[in-house]
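**Student:** This is a predicted model, with the sequence first.
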Amino acid sequence: MDIHKKFMDWAIEKGVKINGIRPHRFEGRGLGIIAERDLKAGETLLTVPISALRTAYTVPESLTRTLPKVSTIHNLLATELLLDTSSARDPWRAVLPSPLDFTTSMPLLWHPTLQSLLPTTAHNLLLNQKRKLKLDWAAVSSAFPDIKYEEYVYRWLIINTRTFYFLSPLPAHRKLRPSNRDDCMAQSPFADYFNHTSSPSACSASFSSSGYSIMTPAKIKKGDEVYISYGNHSNDFLLTEYGFILNGAGGGNQWDEALLDAHILPLFSAKQKEHLEERGLLGKYVLDKKEVCYRTQVALRILVLPIRKWERFVEGLEDGEKEQGAVDKFLGKVLRDFEQEVKRKIKEVDSLGENVGMECQRDMLRRRWLQIEGMIQAAVGRIQN
């Protein structure tokens, strides 16, 4: 029997209700969910009861007591996944990503040179990911010194990439709710087949006291892929946390963005930075698919206005129209400098030898920089027009 059919049967035995959909391997895109028939708007495609979830509350007490009290939910779930050798969840384990899947896609496992060539946002996210993994590994290795690092990292990445936001609705669990949002997680069987889209065609995922439900927002034709949304995330976030990017010029992702700080912050004097800091406007300057953020527009005006007039603009007492041309000149220079950096990064990636990572990893990195280049060029075009 096909492992996916066997897993569906197993999930149904656990109370999961599947309606009009099934797993399918899409050519060139990998595994996802396909509509088996024409689906109506507002149709519930999947219901996963709380009893079928893997959560902090399903981890055996013996394991919870063995790990340090400071252990994260991420660590608890990853450790249990590694230590659980029973056959009870074999059908689920059989359809999870392989270690090779993660090696090819997750920057955490890439060659250090490739990691160093990630865009700033992705690189910062990776550093934070490494920090969390280091803390979790320290906790589990102290309790279970025989566990191998590579085997633990594989399970840690399964939890990182295939969990849903979860807060137990049960009264008995309210006092045990995690204080850290990153720890509000659960594995949900079958729901983790769904791929992500940033378009309004994403099915809605909701949670109640009875479990998770996934519902269609509109009609979906038989044979079409069925998506959910993982959140309003840029491609840098999707790459670092999930191991993929949405394709298309400029990212194919309506939430895509790139950080401009490295090219804007050096333009300010120390005094200007003080004024920006006082107003909460220092840093986090973003270019997205539609525009340069308003925060950037406000900050750049400090370069062309007397400080009192700039403060009046910040307070909404000036419309700033007269200075827009001067601001656009600074912005154009920022974008041209950024574009040159992007071209250098692409050239660096292209010059890497075959011994630096895998071809698919280098290709993913190159495509990400090309997406950022597309956003920059679109922004320059808007200014010129």
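**Tutor:** Received it, and whenever you're ready, just let me know what you need.

**Student:** List the residues that contact Lys130.
**Tutor:** Leu108 (Cβ atoms under 8 Å, 6 or more residues apart in numbering). Any C-beta I mention is one placed from the backbone N, CA and C, and that applies to glycine too.

**Student:** What helix or strand is it located in?
**Tutor:** Element membership for Lys130 (DSSP states H and E) is helix 120-143.

**Student:** For that helix, buried residues please.
**Tutor:** Neighbour counts over helix 120-143 (16 or more other Cβ atoms under 10 Å) mark 121-122, 125-126, 129, 133, 136-137, 139-140 as buried.

**Student:** Where does pLDDT dip in the protein?
**Tutor:** When residues are selected by pLDDT under 70, those of the chain lie in 1, 171-177, 248-251.

**Student:** make it 50
**Tutor:** 249-251 (pLDDT under 50).

**Student:** For it, just list every one of the strands.
**Tutor:** Assigned strands in the chain, in chain order: 17-18, 21-26, 30-35, 44-49, 163-165, 185-187, 195-196, 204-208, 211-215, 225-228, 257-259, 286-288 (criterion: DSSP state E).

**Student:** Please enumerate residues in contact with the first one?
**Tutor:** Outside strand 17-18, the residues within contact range by Cβ under 8 Å, 6+ apart are 8, 11-12, 44-47, 190.

**Student:** Look up how far Ser62 lies from Leu265.
**Tutor:** Separation of Leu265 from Ser62 (Cβ to Cβ, to the nearest Å) stands at 51 Å.

**Student:** Which one's more surrounded, these two?
**Tutor:** Per other Cβ atoms under 10 Å, whichever of Leu265 and Ser62 has more neighbours is Leu265, with 14 against 7.

**Student:** list the contacts for the more buried one?
**Tutor:** 273, 282-283.

**Student:** Now which of those residues would you call buried?
**Tutor:** 273, 282.

**Student:** which one of the contacts of Leu265 is nearest Leu117?
**Tutor:** Gly283 (22.5 Å; Cβ to Cβ).

**Student:** Leaving out the residues flanking it, which one is nearest to the closest one?
**Tutor:** Computed as Cβ to Cβ, 6 or more residues apart in numbering, the closest residue to Gly283 that is not its neighbour in sequence is Asp261, at 5.3 Å.

**Student:** any idea how far Ala258 is from the residue lying closest to Ile264 once chain neighbours are set aside?
**Tutor:** Nearest residue to Ile264 in three dimensions, chain neighbours excluded: Tyr285, at 5.0 Å (Cβ to Cβ, 6+ apart). Distance of Tyr285 to Ala258, given as Cβ to Cβ: 10 Å.

**Student:** out of these two, which sits in the more crowded spot?
**Tutor:** Ala258 (26 against 23).

**Student:** Now tabulate the contacts of strand 17-18 in CSV and tack on neighbour count and distance to Arg301.
**Tutor:** Shown next, in CSV, are the contacts of strand 17-18 (neighbours: other Cβ atoms under 10 Å; distance: Cβ to Cβ, whole Å):
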residue, neighbour count, distance to Arg301
Met8, 21, 58
Ala11, 22, 56
Ile12, 14, 60
Thr44, 15, 50
Leu45, 22, 49
Leu46, 27, 49
Thr47, 20, 52
Phe190, 28, 51
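
**Student:** Please dump these into a markdown table; it should also carry distance to Val349 for every row.
**Tutor:** Putting those into a markdown table (distance: Cβ to Cβ, whole Å) gives the following:
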| residue | distance to Val349 |
| --- | --- |
| Met8 | 40 |
| Ala11 | 41 |
| Ile12 | 46 |
| Thr44 | 44 |
| Leu45 | 40 |
| Leu46 | 39 |
| Thr47 | 44 |
| Phe190 | 37 |
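
**Student:** so who does the residue nearest to Gly283 touch?
**Tutor:** Counting by Cβ under 8 Å, 6+ apart, Asp261 has contacts 120, 283-285.

**Student:** Could you tell me which of these are located in helices?
**Tutor:** Thr120 (DSSP state H).

**Student:** ok, Ile147 touching Ser141?
**Tutor:** Yes - with contact defined as Cβ atoms under 8 Å, Ile147 and Ser141 form a contacting pair (6.3 Å).

**Student:** Take stretch 200-208, keep the C-alpha atoms, and write them as PDB.
**Tutor:** In PDB, the C-alpha atoms belonging to stretch 200-208 read as follows (Å, rounded to 0.1, in the frame of the first residue of the first chain):
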ATOM      1  CA  PRO A 200      -6.100  35.200  -1.100                       C
ATOM      2  CA  SER A 201      -6.800  31.700  -2.500                       C
ATOM      3  CA  ALA A 202      -5.300  30.200   0.700                       C
ATOM      4  CA  CYS A 203      -7.800  28.100   2.700                       C
ATOM      5  CA  SER A 204      -8.500  29.400   6.200                       C
ATOM      6  CA  ALA A 205      -7.100  27.400   9.100                       C
ATOM      7  CA  SER A 206      -9.000  27.800  12.400                       C
ATOM      8  CA  PHE A 207      -8.800  26.400  15.800                       C
ATOM      9  CA  SER A 208     -11.400  25.700  18.400                       C
END
